[in-house]
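J.: Need the 3D shape of this:
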Amino acid sequence: MKKNLFTAALLLAAIVACQNDQSQLSPTKNLTVSDIGKLVSASEAFSQAASYQQADPAGIFAVAYSRTVIESVLNQPGAIGIRLYYVNDATGNRSLSLIGIDKNLNNISTLHQPNARDTDAGGLAASSGMPCPQHCTSTSRTSLPTDSVTIKNKGNLIGMGLMREQVNAYATRNPTGSRAIAFGRQVLTDVLTQKDCVGLRFYFTNTAETTRNLIFVGINDQSDDIRATAKSPGYVGGNGKPCAEDCAF
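T.: Next up, the predicted model:
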């Protein structure tokens, strides 16, 4: 019953957002940062998120990271965006880990913060984001009331060793389809710099072709999605660039 209410809430959010609205790709040197993601229609984006949840009503449907963690990865020298890899957490649930990417859309593998964990082979990434529905508030787009949570410090900086283990474990269980989604600095910054934004929530989606992808929204310090109002644009990021086998470590 609770999962049905989650799905119904998500579908309702897509309808409300409509009133407020204002391929698998390999890494390539021909793309620029402006090509990697853009601001998208909230109604279309959350319709895709609803499609994902309907296909997997018992699973994790979103993962949030604090602004501090995202900016730590994004602000490495040479970073023009981030790539979010599909992974499984310690309990086997689907989650996301993220890493910086350079102008050629290659993963940044040079260690820039020596205090990151598991730093064999260098590199800086982030893991342990906050999942939904377990940690979503009553005013986020897709959930029912749960325990009180804070996003300000959510997510852990990790090194390439642990990141590689997570990515390869997921790839072994899911040998086909997109392994990761990339977003450029501009669209990430557009959403992050909204008033009261302390992090980003990334929703799993299915497109019309049932292709896996992600959308994301800003969240405030109560872990609520930042919605479109008279005082806030309620930006939604989407149109990320997926990749498959060539995203393996």
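J.: hang on, residue 67 packs against residue 194?
T.: No: using Cβ atoms under 8 Å, residue 67 is not in contact with residue 194; the gap is 10.7 Å. C-beta: built from backbone N, CA, C; applies to glycine.
J.: Those two - which one has more neighbours?
T.: The neighbour count for residue 67 versus residue 194, taken as other Cβ atoms under 10 Å, is higher for residue 67 (20 against 16).
J.: Now for that one: which residues touch it?
T.: 152, 192, 197-200 (Cβ atoms under 8 Å, 6 or more residues apart in numbering).
J.: Kindly report the same for residue 214.
T.: 84, 96, 181, 202-205, 238, 240.
J.: Now with 10 Å, please.
T.: The contact partners of residue 214, by Cβ atoms under 10 Å, 6 or more residues apart in numbering, come to 37, 45, 48-49, 52, 62-63, 84, 86, 96, 178, 180-183, 202-205, 237-240, 242.
J.: Could I get the phi/psi values of residue 71?
T.: In terms of degrees, to the nearest 10, the main-chain angles of residue 71 are phi -70, psi -30.
J.: That one and residue 225, how far apart?
T.: 20 Å (Cβ to Cβ, to the nearest Å).
J.: try residue 195
T.: Taken as Cβ to Cβ, the span from residue 195 to residue 225 is 14 Å.
J.: which stretches of the chain aren't confidently modelled?
T.: 1-35, 110-123, 137-154, 208-210, 245-249 (pLDDT under 70).
J.: For it, just list every one of the helices.
T.: Ranges of helices in the chain, per DSSP state H, are 2-20, 42-55, 67-74, 160-173, 185-192.
J.: returning to what we had before: return every residue with contacts to both of residue 67 and residue 194.
T.: Common contacts of residue 67 and residue 194 (Cβ under 10 Å, 6+ apart): 218-219.
J.: So residue 73 is in contact with residue 66, correct?
T.: No: using Cβ atoms under 10 Å as the test, residue 73 is too far from residue 66 to be in contact (11.2 Å).
J.: Between the two, which contacts overlap?
T.: By Cβ under 10 Å, 6+ apart, the residues touching both residue 73 and residue 66 are 126, 155.
J.: Now for residue 231, how many residues are close by?
T.: 8.
J.: One more: residue 134?
T.: Neighbour tally, residue 134, other Cβ under 10 Å: 12.
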